[in-house]
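A.B. asks: Next come a sequence and a model predicted from it.
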Amino acid sequence: MKNKLETISNLFEGNEIRSIWDSEKEEYYFSVVDVITALTDSSDARKYWSVLKLRLKKEGSELTTFCSQLKLKAKDGKLYNTVY
């Protein structure tokens, strides 16, 4: 998979949304944690995502797609696993 790391900052009132472009599939993958931060102003988006997944499972709903982790660049310039 040929990836192109990008950061989108003009959406969601300046909140950065990290993404990866998969040129083979011609699809973008966005960081769920970044989107949650932008939409909820949560101080701990990873915890918010974790609790949300548990609540959905208890209600009998589950995610429609499997969300795995990709390495995306963090503010410190290093690559870390994050949910997309």
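C.D. replies: Looks like it came in fine.
A.B. asks: hey, let's count contacts and neighbours off CA atoms from now on
C.D. replies: OK.
A.B. asks: can you count the residues close to Val35?
C.D. replies: Around Val35 there are 19 other residues, counting by other C-alpha atoms under 10 Å.
A.B. asks: wait, Trp49
C.D. replies: 16.
A.B. asks: That one and Val33 touch, don't they?
C.D. replies: Yes - using C-alpha atoms under 8 Å, Trp49 is in contact with Val33, at 7.1 Å.
A.B. asks: So which bits of stretch 25-32 are buried?
C.D. replies: In terms of neighbour count (16 or more other C-alpha atoms under 10 Å), stretch 25-32 has its buried residues at Phe30, Ser31, Val32.
A.B. asks: any weak-confidence spans in the protein?
C.D. replies: 1-12, 63-70, 83-84 (pLDDT under 70).
A.B. asks: And the helices in it, which stretches?
C.D. replies: Remark: helices assigned in the chain by DSSP state H are 32-40, 45-58.
A.B. asks: now the angle between helix 45-58 and the shortest one, please.
C.D. replies: With axes from the mean of the first three to the mean of the last three C-alpha atoms, to 10 degrees as the basis, helix 32-40 and helix 45-58 are set at 90 degrees to each other.
A.B. asks: So which bits of helix 32-40 are buried?
C.D. replies: In helix 32-40, counting by 16+ other C-alpha under 10 Å, buried: Val32, Val33, Asp34, Val35, Ile36, Thr37, Ala38.
A.B. asks: Settle this for me: the second one is touching Ala45, isn't it.
C.D. replies: Yes - counting by C-alpha under 8 Å, Val33 does reach Ala45; the two are 5.5 Å apart.
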